[in-house]
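Asker: Give me coordinates for this.
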Amino acid sequence: MPNFAHTFPLFSTTYLSSPFPIFSNRVLSLPHRLRLHHLFTNLSTFILLITLVNKFTHRIEVVPVSLNYPHTMVLSMEKWVGKVAVVTGASAGIGAAIAKALVESGVIVVGMARRTELIEQHGEDLADKPGKLYACKVDMYNEEEIVNGFKWVEENIGPVNILINNAGSSKDTTLYDGSTEDWKSVFDLNILALCIATREVIKMMREHEINGHIVHINSIFGHRVPSFGMHVYPASKFAVTALTETLRQELNSIGSRIKVTSVSPGVVQSELTTQSPDPQKREFYASIPILRGEDIADGVVYALSTPEDVQVHELTIKPMGEAN
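Answerer: Prediction:
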């Protein structure tokens, strides 16, 4: 057993408070810390957890320290620095938050949307970050514009390494007396646009021999149907869940190393929820636990940060206190 009290002065302290529920929030003596060490080494991965308690803020920080034991998973965005990512629906909400997080990580991002003036403004705001944000005007309802948009990216920015399929919509239209045009609008954007963008990017990745990553921004309503009216929206997101697994199987069948991840958020602050023009909707979404776009961006960065032999297939993100 290494002498941690010698290596890390913090371990010379007789007691260390524990944030782990398995210890019932009791004070840990040195023998308890040694048993915690044995627990991690038995898992073939040792991570030293140092608990730091700020006496002024009472904030607890858990600091992982790798000691180069085998099979330690290292999360890093370094492999994507200087690479090209496309984020659809990047003008606001989740898409804008993801684009920002990627630029801050050193990624060259192309935001696809109709409101390119908003993306250009975001790009100016991020001018001092290590990456860069470009705007590409694309109507994601139009297949020709999608195809031409990816051609423009390849010819002017570079081949795509990351695709974030974020563009999506919902319509207040019931199944018993709804508008066919509204149904079609939801399915065209949430399903067909996602498929078209994915196809174009995979063709590009295979041509350039890129082991890229495709992320579908799904929803918890792609796994269960809510009790409040979402109409055809859950059906469109259930399709995304199926398409994620179908794509994973298809990529495996051709020996591809391209990753695919579904990120399924709970309700998120956006133009469809807290910023809706409908006052009743705004009031409803203000009354329930809700996520921020930045929370989803953090989840996307986590999935992208995993090593090449690790694939996050499904990531569900819910706000604390969500009822269902």
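Asker: only C-alpha atoms for contact and neighbour calcs from this point on.
Answerer: Fine.
Asker: wouldn't G168 be in contact with N190 here?
Answerer: Yes: checked against CA atoms under 8 Å, the pair G168 and N190 is within contact range at 4.9 Å.
Asker: If you count surrounding residues, which of those two has more?
Answerer: The residue with more neighbours, out of G168 and N190, is N190; 28 against 22, by other CA atoms under 10 Å.
Asker: How is this structure partitioned into domains?
Answerer: 4-66, 78-317 (automatic domain parsing).
Asker: tell me what the longest helix seen in the chain is packed against?
Answerer: Longest helix in the chain by number of residues, with DSSP state H as the criterion: helix 233-253. Counting contacts by 3 or more CA pairs under 8 Å, 6 or more residues apart in numbering; DSSP states H and E, helix 233-253 packs against helix 180-187, strand 259-265.
Asker: Residues contacting it, please?
Answerer: 169-171, 186-187, 190-191, 216, 218-219, 221-225, 257-262 (CA atoms under 8 Å, 6 or more residues apart in numbering).
Asker: ok, now which ones touch the residue most central in space within the chain?
Answerer: In the chain, the residue lying closest to the centroid (CA atoms, centre = their mean) is V300, at 2.0 Å. V300 makes contact with I98, V215, V263, according to CA under 8 Å, 6+ apart.
Asker: Okay, and it sits in which element?
Answerer: Element membership of V300 [criterion: DSSP states H and E] is helix 293-305.
Asker: Quote the end-to-end distance of stretch 300-315.
Answerer: 9 Å (CA to CA, to the nearest Å).
Asker: Show me which positions of it end up buried.
Answerer: Neighbour counts over stretch 300-315 (16 or more other CA atoms under 10 Å) mark V300, V301, A303, L304, S305, T306, Q311, V312, E314, L315 as buried.
Asker: if I look at the second one, how far off is I162?
Answerer: So the one you mean is V301. Counting by CA to CA - V301 and I162 are separated by 11 Å.
Asker: any residues in contact with both of these two?
Answerer: In contact with both V301 and I162: no residue, using CA under 8 Å, 6+ apart.
Asker: Tell me the confidence at the nearest residue to T88 once chain neighbours are set aside?
Answerer: Residue nearest to T88 in three dimensions, not counting chain neighbours: M112, with 4.7 Å by CA to CA, 6 or more residues apart in numbering. On the pLDDT scale, M112 is placed at 98.
Asker: Thought Y141 was touching M112, still the case?
Answerer: No: checked against CA under 8 Å, the pair M112 and Y141 is beyond contact range at 11.9 Å.
Asker: quick one on the thing from earlier: single out the most deeply packed of the helices and strands packed on helix 233-253.
Answerer: Of all the helices and strands packed on helix 233-253, strand 259-265 has the most neighbours on average by mean count of other CA atoms under 10 Å, namely a mean of 24.
Asker: And I317, its phi and psi?
Answerer: I317 adopts backbone torsions of phi -130, psi 120, taken as degrees, to the nearest 10.
Asker: how far is the longest helix of the chain from where the chain is centred?
Answerer: On the basis of CA atoms, centre = their mean, to the nearest Å, helix 233-253 is displaced by 16 Å from the centre of the chain it belongs to.
Asker: What residues sit buried inside it?
Answerer: So, applying 16+ other CA under 10 Å, buried residues of helix 233-253: 233-241, 243-245, 247-248, 251.
Asker: What is the most widely separated pair among these?
Answerer: Across these, no pair lies farther apart than Y233 and L251, at 27.0 Å, counting by CA to CA.
Asker: what about the stretch 201-324 of the chain, any weak spots by pLDDT?
Answerer: Scanning the stretch 201-324 of the chain for pLDDT under 70 picks out 229, 324.
Asker: mind listing the helices for the stretch 101-250 of the chain?
Answerer: 116-125, 143-156, 180-187, 194-207, 233-253 (DSSP state H, counting those that start in this stretch).
Asker: closest to T198 among the buried residues of helix 233-253?
Answerer: Nearest member of these to T198, counting by CA to CA, is L247, at 9.4 Å.
Asker: For H213, see how far away the closest one is.
Answerer: 12 Å.
Asker: Give the residues shared as contacts by these two.
Answerer: With contacts taken as CA under 8 Å, 6+ apart, L247 and H213 have V260 as neighbours in common.
Asker: sorry, back to before: could you check the angle helix 194-207 makes with the longest helix of the chain?
Answerer: 20 degrees (axes from the mean of the first three to the mean of the last three CA atoms, to 10 degrees).
Asker: In contact with the nearest residue to E120 once chain neighbours are set aside, which residues?
Answerer: Nearest residue to E120 in three dimensions, chain neighbours excluded: A135, at 5.9 Å (CA to CA, 6+ apart). Counting by CA under 8 Å, 6+ apart, A135 touches V110, G111, M112, A113, T116, I119, E120.
Asker: Tell me what A135 is bridged to.
Answerer: G111 (DSSP bridges).
Asker: pLDDT weak spots in the stretch 51-200 of the chain?
Answerer: Using pLDDT under 70, the stretch 51-200 of the chain drops low at 51-72.
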